[in-house]
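S.K.: From the sequence below, what's the structure:
(one chain, ligands or ions: 1)
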Amino acid sequence: MGIINKFESSTFKRSFQASLIKYTIVTLGSHSALQILKGAKDEGFKTAVVCTPDRKTLYSSYNNFIDDILLIDKWSDFPKLESNLIKRNSIIIPHGSFVAYLGMEANKSMKVPYFGNKLVLDWEENRKMQRSWMEESRIKVPHRFKKGDKTDRPVIVKSYGAAGGKGYFVARNQKELDEKLKTFSEEKFIVQEYVIGVPVYFHFFYSPLTHKVEIMSVDKRYETNVDSLGRIPAKYQKGYDIEPSFEVVANIPMAVRESMMAPALEMAERVIETSQRLMPKKGLFGPFCLETIITSTEEIYIIEISARIVAGTNCFINGSPYTYLLYDEPMSTGRRIAREIKNALKQNKLREVLD
Ligand code: ATP
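M.R.: You can find the predicted model right below:
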C-alpha cells in the first residue's frame, strides 16, 4: 500500500470542492461568455456575467449556470463595477470582446484579478510586434510589403484593430492596390501577400502548471462573401463587380489530417517558448489560436496568433475530438480555463495564473 497523496484523499477533495464557491468567475456578456461560465460552473465556481441591458434576456435564460447578471448601461462603465467584483473574490476571464469593448488601457489597468498575462496584449495588438514574435518562433508568415515596396503578387490589405476580417480588401496587382488605397480611409494598415490555400484555425491551451501545450480543437470560419463566391460561376460574376470581403459570420468544426497536427503542435510550442523570452516572467499561457492558411503543397502559413480564447471554440462547448483524447469528460476551452484555476488553487499557485 502506498501513502495516500493529500490531494487524493476524499476528505480533501470534498472540502476543496466546497471551497471553490468562494470564487466568482466573471466575464463580459459577449463572444464566448456562455462557454466560459458553463465551464466555470461545471468545475464548481460561482459565476457572474457583466453586460448591457439589451443582453439581459439572453443571459437570464441560462440561470442554470450563471449565478448573477451585473448590468451596466454602457461597456465603458465597467470600471465602476471593479470594487464590487474585488469584494466578491472575482476572477476575470478575458475573451475577444474585451479590448474591443473596454479599450486597451481599461483592459490593462483593470484591478480585478485577471486570468492571463496582460503583457501579451501589446504583442497581440501591434502587428509589427506580433510579426517579430512569429519570426522568432521560426514559423512561416505571408510576405509583408513595406511602405513604398512594389508588390509582385496578389495582396490582402488589413487595417489595425480590425475584428473578424471587417474592412479587409484584396488587390491582384500594384495598379489595383494604388486605385483601392485612394479610397481607403484607415491610417494604419499592412499589405500582405494573399496566400492561396484553405484557412484552418488551431486552438490550443498552454498550462504553466504542467508546462504542456494541449490541442483543444480546430475550426474554419464562414466568411461573407468570400466563402460564397465560388457558388456563382465566374461567367455570371462578371457583370456584378463583386469585391471579396472577409467578415466572419460563423465557425465550422474541423478534424484535420492527423499528419498536420504534428507541425501545428510544434509551431504552438515554439510560439510559447518565444513568448517566454519576449514577454517577461510568464509569457503566453492559457488559451490561444494559430490562424493558418494551408497551401496545396502543405505549407502552413500563420496569418495571426490570437492570444486568448477564440470564438471558434464555441463549436466545442461539449468537448472536441481532441479533448476527448485527453479528458474523460466534456472539456471545452472555457472549462479548461476553470480547471487550470482550480488546479492552481489546489497547488497554492493561484498567483501564477493571474495578472
Ligand atoms: P480575428 O482578430 O477575429 O482573428 P482578423 O480581423 O485578425 O480576425 P484574420 O484572421 O487575420 O482577421 O483574417 C480574416 C480572414 O482573411 C481569414 O480568415 C482569411 O480568410 C483571410 N486572410 C487573412 N490573411 C490572409 C492571407 N495572407 N492570405 C489569404 N487570406 C487571408
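
S.K.: So which bits of the stretch 151-300 of the chain are right by the ligand?
M.R.: 156, 162-165, 168, 192-195, 199, 221, 223, 246, 291, 293 (CB under 6 Å from any ligand atom). Just so you know, the C-beta spots here come from the backbone N, C-alpha and C atoms, and that holds for glycine as well.

S.K.: Grab the two from those that are most spread out in space.
M.R.: Farthest pair in these (CB to CB) is Ala163 and Glu193. Separation: 21.9 Å.

S.K.: Quick check on the two: which one has the bigger neighbour count.
M.R.: Glu193 (17 against 12; other CB atoms under 10 Å).

S.K.: pretty sure that one is touching Arg144, no?
M.R.: Yes - the criterion here is CB atoms under 8 Å, and Glu193 meets it with Arg144 at 7.5 Å.

S.K.: Return the list of strands paired to the longest strand anywhere in the chain, each annotated with direction.
M.R.: Using DSSP state E, we find that the single longest strand of the chain is strand 212-225. If you go by DSSP bridges, strand 212-225 pairs up with strand 198-207 (antiparallel), strand 246-253 (antiparallel).

S.K.: closest one to Ile317 among those strands?
M.R.: strand 246-253 (11.1 Å).

S.K.: so how far is the helix or strand following the closest one off the chain centroid?
M.R.: Sequence order places helix 258-278 as the next helix or strand after strand 246-253, per DSSP states H and E. Put simply, helix 258-278 sits 16 Å off its chain's centre (CA atoms, centre = their mean, to the nearest Å).

S.K.: how far off strand 212-225 does helix 258-278 point, in degrees?
M.R.: 110 degrees (axes from the mean of the first three to the mean of the last three CA atoms, to 10 degrees).

S.K.: Look at the residue lying closest to Val226 once chain neighbours are set aside and say how many residues are nearby.
M.R.: In this structure, Val226 finds its nearest non-sequential neighbour in Pro244, 4.5 Å apart by CB to CB, 6 or more residues apart in numbering. Neighbourhood size, Pro244 [other CB under 10 Å]: 16.
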